[in-house]
Each structure stands twice: as C-alpha cells, then as structure tokens.
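Student: Predicted structure and sequence below. I'll ask about it afterward.
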Amino acid sequence: MKTKKLEKAQFDKEEKKAIYVMTNQVVLADGKVHPSELKAMDQLQEDIAMNADLVSEAQETTVEEALISLHNMTYPKKKVLAQILEDMAVSDNHLHEKEMNLIIQTFKNIGIGGETE
C-alpha cells in the first residue's frame, strides 16, 4: 500500500537502487529474514517501480555507493526514505535493536537526524 509521501517522491534510478540496498540491509540486520519482510520488499519494489533489471543492478550496488546516492537526495526524499526504513524494520512486527541501530547510523551517514520530526 503506497503512502501519499511515497507517491509524491519520484526517485531516480540510482536512488531506487540505494533504497533497495538499505532496506535489504535492514531486513538482514537481525540475522533472520521473515516472510513478512520479503513481502514488504516486494511491495516496496512495486511502489517505487523497480523492475527485475533494476533489482539485479541494485544487488550489485555496495552499501557505500548506496549511502552516497542517499546522501545526495533532497531532504523531502530523505524523509520518505526514513519512513520506508522504519516500515521495513517493523514489517515483521518487531523492531530489533540491530535494525534500529542500522537505521540511526544510516541517518547519520546521509545527513538527517536533528531536523527530523
């Protein structure tokens, strides 16, 4: 289910790959991949219009490359990213400490934190 913010955010190819990489990192952070997380990843890919080719490219993208793309995004897009990462972290109905720490570190690395609501 797309949120209004997600519909308004038009991510470019590099941003989509970076979002995929970081959401995948959140899924893997607690060491368990839950079926609900896989479903959430599929939904995210649909919501941001990622085709199979772009997913394949994203799988070849490093975390460092992803962070650079995310750092260069506009602040409104970063706010949407924050919601995407949060939604992914709780898609298994549990926010694991490792997921939370990864998200916080991601925010620091891309330059959001103090100005978020």
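Tutor: Ah, there it is. The structure displayed is predicted, hence computed values, not measured ones. Numbers count the residues shown, from 1 in each chain.
Student: Just list the residues touching Lys13, thanks.
Tutor: By CB atoms under 8 Å, 6 or more residues apart in numbering, the residues touching Lys13 are Leu54. Heads up, the C-betas are built off the backbone N, CA and C, glycines and all.
Student: Confirm for me that Val27 is in contact with Val33.
Tutor: Yes - counting by CB atoms under 8 Å, Val27 touches Val33, with 5.9 Å between them.
Student: So those two - more neighbours on which side?
Tutor: Val27 (20 against 13; other CB atoms under 10 Å).
Student: can you tell me which helix or strand that one belongs to?
Tutor: helix 13-29 (DSSP states H and E).
Student: So for that helix, what gets flagged as buried?
Tutor: Neighbour counts over helix 13-29 (16 or more other CB atoms under 10 Å) mark 14-27, 29 as buried.
Student: Same check on stretch 84-92?
Tutor: Neighbour-count burial for stretch 84-92 [16+ other CB under 10 Å]: 84-85, 87-92.
Student: helices or strands up against the host helix or strand of Gln45?
Tutor: Per DSSP H and E: Gln45 is located in helix 35-47. Packing partners of helix 35-47 (3 or more CB pairs under 8 Å, 6 or more residues apart in numbering; DSSP states H and E): helix 13-29, helix 75-89.
Student: among the ones you listed, which is nearest Thr106?
Tutor: Among the helices and strands packed on helix 35-47, helix 13-29 comes nearest to Thr106, with 5.9 Å by CB to CB.
Student: Tell me what angle the closest one forms with helix 35-47.
Tutor: 180 degrees (axes from the mean of the first three to the mean of the last three CA atoms, to 10 degrees).
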